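A.B. asks: turn this into a model:
(one chain, ligands or ions: 2)
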Amino acid sequence: MQTDILITNIGQLLTMDKKGPVKGSEMNDLPVMENAAIAVKDGRIVWHGPADQAGNFDADKTIDAESRLVTPGLVEPHTHLVFGGSREEEMALKQQGVPYLDILKQGGGILSTVRSTREATYEELLKKALFHLDRMAMHGITTVEAKSGYGLEKETELKQLKVAKEANAKHPLDIVTTFLGAHAIPPGYKENPDSFLDLMAELFDEIKAENLAEFVDIFTETGVFSVEQSRRYLLKAKEKGFGVKIHADEIDQLGGTELAVEVGAISGEHLAVASDEGVRKLASSDTIGVLLPGTIFYLGKDTYAPARKMIDEGAAIAISTDFNPGSSVTENLQLIMSIAALKLKMSPAEIWHAVTVNAAHAIGRGDTAGMIAEDRAADIVIWDAPNYMYIPYHYGVNHANTVLKNGEVIYRRGTVR
Ligand SMILES: N=CN[C@@H](CCC(=O)O)C(=O)O
Ligand SMILES: [Zn+2]
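C.D. replies: Ligands and ions are numbered 1, 2, ... in the order given. Model prediction:
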């Protein structure tokens, strides 16, 4: 058979070919194929199997993986991709121990990025989003979720979503958009957060009609939105046909994890301080826990999500960078894989499920992303690593050697000699 690309001499191949979301102890069961090859045609995987059968395929181009690790492209299920400005001056406040929610209360934090995002032009936001997407691609990510939430007014929220939609058209990576208009209470609504939520809910029809977002998200947190407000808002979103997500139990234990399960959210995100009851409910539900340990690290906290308890009780877990300009400023999901190993005590096998098949399910892409299988898009990474355990082990650097998106090589590691 004539194909476009043949990847040969794969040392270890992780196909992640499982019917997800993968839950509980099943996350630790990682089939590994040694000495494998993959054939790609018209952007799709047409075959994968033992390297000694690769001779059945002719290819326009052969890539010798040189015994390296090969996996599906990483899926990044939680980012705040589109924003103006940056917040490096907040680092000093963090060093002085000023809590994240106090910075927000004083009009900084998210509200500082809201000001910059309102000021930025559409073109400036697009250019910046494309830059960050390039960096994600270089780190092996091939599908990304992107939230709005730095407008907190109709016009700027729509601007962010439209930027994400255009970035999806312009950039090789696939972007899945989430409307996070309920990210903070803007000035002018402090005394009346309900009317702010009503204002944001007025956008649901337009967002749906223009296909600007698939999901609606809310920040359920002290000083932001209560569980009761979140419930009402998310149920309205569901009525309009959106999938829902929650920034839940990030800092204070309000019961956001329980709410995520109650409203049938596709994912509960953060869950750093989830209660035992929340963990139990999560484990016996279809809601995926998207854990963001980079945020806990970056905010200098030590309350990492109870990932072990969640997995041991049977939950499906994904992990993410939470890329944003305040609480987790990195596009490097590999770094988060290391933090997940060190702080969440997840095994390498669990971590690979959390950045592929489960992450894809957390953003409604379980049928198309996060897996190497016949007829799937050829989203593939060749890693400068001899085995799957190596990526979380060797931390803080980029191990991606070659990244393919829809069968095109979009990144190859350069050399300095
Ligand atoms: N916690 C709420 N939202 C983001 C942070 C946004 C920001 O600080 O700009 C998060 O997921 O961590
Ligand atoms: Zn977030």
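
A.B. asks: from the stretch 101-250 of the chain, which residue is nearest to ligand 1?
C.D. replies: Nearest residue of the stretch 101-250 of the chain to ligand 1: I110, at 4.5 Å (Cβ to the nearest ligand atom). C-beta coordinates here come from the backbone N, C-alpha and C atoms, glycine included.

A.B. asks: how close does that residue sit to R44?
C.D. replies: 40 Å (Cβ to Cβ, to the nearest Å).

A.B. asks: contact residues of this protein facing ligand 1?
C.D. replies: 80, 109-110, 113, 219, 247, 250, 295, 322, 324-327 (Cβ under 6 Å from any ligand atom).

A.B. asks: can you do 5 Å?
C.D. replies: Within the chain, the residues that sit near ligand 1 (Cβ under 5 Å from any ligand atom) are I110, F219, T295, D322, N324, G326, S327.

A.B. asks: shaky segments in the protein?
C.D. replies: By pLDDT under 70, the chain contains no weakly predicted segment.

A.B. asks: for ligand 1, what's the nearest residue on it?
C.D. replies: Closest point on the chain to ligand 1, by Cβ to the nearest ligand atom, is G326, at 2.5 Å.

A.B. asks: quick check: that residue touching I110?
C.D. replies: Yes - counting by Cβ atoms under 8 Å, G326 does reach I110; the two are 6.5 Å apart.

A.B. asks: same drill for these two, tell me which one is more crowded.
C.D. replies: I110 (27 against 23; other Cβ atoms under 10 Å).

A.B. asks: do you know how far the closest residue to Y189 other than its chain neighbours is from E206?
C.D. replies: Computed as Cβ to Cβ, 6 or more residues apart in numbering, the closest residue to Y189 that is not its neighbour in sequence is F196, at 3.9 Å. The gap separating F196 from E206 is 17 Å, by Cβ to Cβ.

A.B. asks: more neighbours: those two, which one.
C.D. replies: F196 (21 against 12).

A.B. asks: sec struct for that one, please.
C.D. replies: Assigned by DSSP: H, G, I helix; E, B strand; the rest coil, the conformation of F196 is helix.

A.B. asks: and if you look at the one 3 residues further on?
C.D. replies: Following three-state DSSP, we place L199 in the helix state.

A.B. asks: V357: how many residues sit nearby?
C.D. replies: Neighbour tally, V357, other Cβ under 10 Å: 28.

A.B. asks: next: P172.
C.D. replies: Quick note: P172 (other Cβ under 10 Å) scores 17 neighbours.

A.B. asks: what of the one 3 residues further on?
C.D. replies: By the other Cβ under 10 Å criterion, the neighbourhood of I175 contains 22 residues.

A.B. asks: you'd agree it is in a helix?
C.D. replies: No - membership of I175 in a helix is not supported by three-state DSSP, which gives strand.

A.B. asks: wait, it sits on T142?
C.D. replies: No - at 10.9 Å, I175 does not count as touching T142 under the criterion of Cβ under 8 Å.

A.B. asks: pairing partners for the longest strand anywhere in the chain, with directions?
C.D. replies: Secondary structure assigned by DSSP state E gives strand 2-13 as the longest strand of the chain. The strands beside strand 2-13 in its sheet (DSSP bridges) come out as strand 33-41 (antiparallel), strand 58-64 (parallel), strand 69-72 (parallel).

A.B. asks: what sits up against stretch 116-136?
C.D. replies: 76, 81-86, 144, 146, 150-151, 153, 156, 159-160, 162-164, 166-167, 170-171, 173, 175, 323, 331, 333 (Cβ atoms under 8 Å, 6 or more residues apart in numbering).

A.B. asks: next, the buried residues of that stretch.
C.D. replies: Going by neighbour count (16 or more other Cβ atoms under 10 Å), the buried part of stretch 116-136 is 116-118, 120, 125-126, 128-130, 132-134, 136.

A.B. asks: what does stretch 390-404 give?
C.D. replies: Result for stretch 390-404 [16+ other Cβ under 10 Å]: buried residues Y390, I391, P392, Y395, N398, H399, A400, N401, T402, V403, L404.

A.B. asks: I'd like those residues laid out as TSV, including distance to I382 and secondary structure.
C.D. replies: Below are the buried residues of stretch 390-404 laid out as TSV (distance: Cβ to Cβ, whole Å; DSSP: H, G, I helix; E, B strand; the rest coil):
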residue	distance to I382	secondary structure
Y390	13	helix
I391	12	helix
P392	18	helix
Y395	20	coil
N398	13	coil
H399	10	coil
A400	8	strand
N401	5	strand
T402	4	strand
V403	8	strand
L404	8	strand
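
A.B. asks: nearest to P99 among the residues you listed?
C.D. replies: Y395 (27.0 Å; Cβ to Cβ).

A.B. asks: which residues touch that closest one?
C.D. replies: Counted by Cβ under 8 Å, 6+ apart, Y395 has contacts Q334, L335, S338, I339, L342.

A.B. asks: can you select the buried ones among the residues you listed for me in ChimeraX?
C.D. replies: The following ChimeraX selection, which keeps only the buried ones among the contacts of Y395, applies the criterion 16+ other Cβ under 10 Å:
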select :334,335,338,339
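
A.B. asks: just the contacts of Y395: which are in helices?
C.D. replies: Among those, the ones falling in helices (DSSP state H) are Q334, L335, S338, I339, L342.

A.B. asks: return the member of those residues nearest to D102.
C.D. replies: Using Cβ to Cβ, those come closest to D102 at I339, 24.4 Å.

A.B. asks: which outside residues touch stretch 325-336?
C.D. replies: Contacts for stretch 325-336 (Cβ under 8 Å, 6+ apart): 74, 76, 80, 83, 85-87, 90, 100, 109-110, 112-113, 132, 135-136, 139-141, 292-295, 298-299, 319-323, 355, 391-392, 395-400.

A.B. asks: end to end on stretch 69-85, go ahead and measure it.
C.D. replies: One end of stretch 69-85 sits 37 Å from the other (Cα to Cα, to the nearest Å).

A.B. asks: please renumber the chain so that the first residue is 201 from this point on.
C.D. replies: Sounds good: first residue 201 from here, last item stretch 269-285.

A.B. asks: for that stretch, which positions count as buried?
C.D. replies: 269-285.

A.B. asks: so how far is it off the chain centroid?
C.D. replies: 5 Å (Cα atoms, centre = their mean, to the nearest Å).

A.B. asks: mind listing the helices for the stretch 301-450 of the chain?
C.D. replies: All helices of the stretch 301-450 of the chain, identified by DSSP state H, counting those that start in this stretch, fall at 310-319, 322-338, 354-370, 393-401, 404-409, 427-439.
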